[in-house]
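> no sequence on this one, just coordinates:
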């Protein structure tokens, strides 16, 4: 087993530090080290220089196509959405987590989908960005008070479809 002797300690003395260091270092002279000379306590430090970390510019995105739609149904990991383009509707199945991360969570919640294009050093990247047009808390259910004639017609319609399923 070998024993090493340390010439200085943290508070009593410190070796010379590189002048280009990026942190301040303090060196206090203890009174026990002063033998015959009377030295004035001094503080040595190196100034902090900030390095400028310039991040590369973010790629600018360009919207290629914008579509509006609404959430039709949510079944586990899949969601079915309905898009309305030029007055025509079409349905599309997509991962549900894509919509829930964008705060599109309830049935019939309207949203806007942008197909975006970004140019990088390697080429073009095409992706999708979802934006809800209404909050989930904005929805409410309202019951209709039907008159007797409308109730009779509703019951006839329901009876007809109930027989078809049975």
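Thanks, I have it. Keep in mind the model is a prediction, meaning the values are calculated, not measured. Residues are numbered from 1 along each chain as shown.

> wasn't residue 64 part of a strand?
Yes: under DSSP: H, G, I helix; E, B strand; the rest coil, residue 64 falls within a strand.

> how about the contacts made by residue 99?
Going by Cβ atoms under 8 Å, 6 or more residues apart in numbering, residue 99 touches 71, 74, 79, 81, 105, 111, 130. In short, each C-beta sits where N, CA and C put it, glycine included.

> can you give me the strands in the chain?
If DSSP state E is used as the criterion, the strands of the chain fall at 61-75, 78-85, 88-95, 110-119, 124-132.

> could you dump those into a markdown table and include distance to residue 159?
Listed next are the strands of the chain as a markdown table, based on distance: least, Cβ to Cβ, whole Å:
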| stretch | distance to residue 159 |
| --- | --- |
| strand 61-75 | 26 |
| strand 78-85 | 29 |
| strand 88-95 | 30 |
| strand 110-119 | 34 |
| strand 124-132 | 39 |
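
> turn those strands into JSON lines, including distance to residue 142, mean pLDDT and mean neighbour count.
Below are these laid out as JSON lines (distance: least, Cβ to Cβ, whole Å; pLDDT from 0 to 100; neighbours: other Cβ atoms under 10 Å):
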{"stretch": "strand 61-75", "distance to residue 142": "18", "mean pLDDT": "90", "mean neighbour count": "14"}
{"stretch": "strand 78-85", "distance to residue 142": "22", "mean pLDDT": "91", "mean neighbour count": "16"}
{"stretch": "strand 88-95", "distance to residue 142": "24", "mean pLDDT": "91", "mean neighbour count": "11"}
{"stretch": "strand 110-119", "distance to residue 142": "18", "mean pLDDT": "92", "mean neighbour count": "16"}
{"stretch": "strand 124-132", "distance to residue 142": "21", "mean pLDDT": "91", "mean neighbour count": "13"}
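
> now for the spatially most central residue of the chain: which residues touch it?
By Cα atoms, centre = their mean, the mean C-alpha position of the chain lies nearest to residue 101, the distance being 8.9 Å. Not one residue lies near residue 101 by Cβ under 8 Å, 6+ apart.

> now do residue 94
Residues counted as contacts of residue 94 (Cβ under 8 Å, 6+ apart) are 78-79, 81.

> alright, calling it a day.
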